[in-house]
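Engineer: My questions are about this predicted structure, shown below with the sequence.
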Amino acid sequence: MNEIVVFITVSNEDEAARIARTLVESRLAGCVNIIKNIRSLYSWQGKIEDEPEVLMITKTQKALFNALSDKVKELHSYSVPEIIAIPIVEGSEDYLKWLREVTG
């Protein structure tokens, strides 16, 4: 399978919606789910941070990852945004066919 899920965290729901719309409109993603009210604890510049964030769950194709990542970095407010991909190992064939049709 060549389909992937990309996790992206952002500072707020408006930023997530803006990035998601751009990714879908440019066919870099077929679908983006926006989950608000997550809590992220992470190490940044020698300190432990504890911040509210919004999680974007983005479905796309592996071949589009670099272009998607570049677009997210261009639009994102963080200097080092989280953009990580995991493979889809199984899925509904109808959904995956649709995903291939609407991306690329």
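Structural biologist: Now that the structure is in, tell me what you want to look at.

Engineer: Give the burial count for Tyr78, as a bare number.
Structural biologist: For Tyr78, the tally of surrounding residues (other CB atoms under 10 Å) stands at 16. Yep, even glycine has a C-beta here, placed from its N, CA and C like the rest.

Engineer: Please apply the same query to Val54.
Structural biologist: Every residue meeting other CB under 10 Å relative to Val54 is counted, giving 21.

Engineer: Ala17 is in contact with that one, correct?
Structural biologist: No. The pair formed by Val54 and Ala17 falls short of the contact definition of CB atoms under 8 Å, at 9.1 Å.

Engineer: which residues do these two both contact?
Structural biologist: Taking CB atoms under 8 Å, 6 or more residues apart in numbering as the contact rule, Val54 and Ala17 both touch Ile34.

Engineer: Dihedrals phi and psi, Pro81?
Structural biologist: The phi/psi pair for Pro81 (degrees, to the nearest 10) reads phi -70, psi 150.

Engineer: hang on, isn't it packed against Ile8?
Structural biologist: Yes. Taking CB under 8 Å as the contact criterion, Pro81 and Ile8 are neighbours in contact, 6.6 Å apart.

Engineer: what's the longest helix in the chain?
Structural biologist: Here the longest helix in the chain is taken by residue count, with DSSP state H as the criterion, and it is helix 13-25.

Engineer: so how far is it from its chain's centroid?
Structural biologist: Per CA atoms, centre = their mean, to the nearest Å, the displacement of helix 13-25 from the mean C-alpha position of its chain is 10 Å.

Engineer: swap in stretch 85-95?
Structural biologist: When C-alpha coordinates are averaged (CA atoms, centre = their mean), stretch 85-95 and its chain have centres 15 Å apart.

Engineer: Please apply the same query to stretch 72-80.
Structural biologist: Its chain's C-alpha centre and that of stretch 72-80 lie 12 Å apart, by CA atoms, centre = their mean.

Engineer: who touches Ser43 in this structure?
Structural biologist: Residues in contact with Ser43, defined by CB under 8 Å, 6+ apart, are Glu49.
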